[in-house]
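*Asks:* One predicted model, sequence on top.
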Amino acid sequence: VQLVESGGGLVQPGGSLRLSCVASGFTFGSYAMSWFRQAPGKERELVASISGGGAVINYTDSVKGRFTISRDNAENTVYLQMNSLKPEDTAVYYCYARRASIPRIVYWGQGTQVTVSS
């Protein structure tokens with residue numbers, strides 16, 4: 001099983017990045033996918049989640065209207081489009097998979113660094 005994130009980097013405030021997470025080794029469409037982030041000295045927090053079929057989407061309040069989560073089940077990939085980035089969005093972003101049915105198997109990616117700075 002692998003979750004491989006990409007797309008992180010350094011961007012100026014107000015800029016955009018698109019994160020990708022490619023999954024392998026499990027039935028992708030049977031898993032809800034999420035993006036978490038962890039800033040230095042802070043707890044890991046849930047940023048956005050999307051159900052297996054893509055019909056149910058949720059965001060943490062601080063990113064609503066700026067971030068968009070989406071998935072392509074044919075490509076086993078989940079995306080996080082991040083617009084209007086702020087310095088407080090700086091963090092390591094992690095891809096997370098959670099099986100929709102019992103047992104609630106979960107998988108984590110290795111993380112990708114996003115730095116928002118001028």
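*Replies:* That came through fine.
*Asks:* Only C-alpha atoms from now on, for both contacts and neighbour counts.
*Replies:* Will do.
*Asks:* mind listing the strands for the protein?
*Replies:* Applying DSSP state E to the chain gives strands spanning 2-6, 9-11, 17-24, 31-38, 45-50, 57-59, 67-72, 77-82, 91-99, 106-108, 112-116.
*Asks:* Report the buried residues of the fifth one.
*Replies:* Spelled out, that is strand 45-50. 46, 47, 48, 49, 50 (16 or more other Cα atoms under 10 Å).
*Asks:* Columns mean pLDDT on top of the strands of the chain, output as CSV?
*Replies:* Formatted as CSV, the strands of the chain follow (pLDDT from 0 to 100):
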stretch, mean pLDDT
strand 2-6, 97
strand 9-11, 98
strand 17-24, 98
strand 31-38, 98
strand 45-50, 98
strand 57-59, 98
strand 67-72, 98
strand 77-82, 98
strand 91-99, 98
strand 106-108, 97
strand 112-116, 98
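*Asks:* hang on, the earlier thing: can you put the buried residues of strand 45-50 in JSON lines and add distance to residue 109?
*Replies:* Putting the buried residues of strand 45-50 into JSON lines (distance: Cα to Cα, whole Å) gives the following:
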{"residue": "46", "distance to residue 109": "14"}
{"residue": "47", "distance to residue 109": "15"}
{"residue": "48", "distance to residue 109": "15"}
{"residue": "49", "distance to residue 109": "15"}
{"residue": "50", "distance to residue 109": "16"}
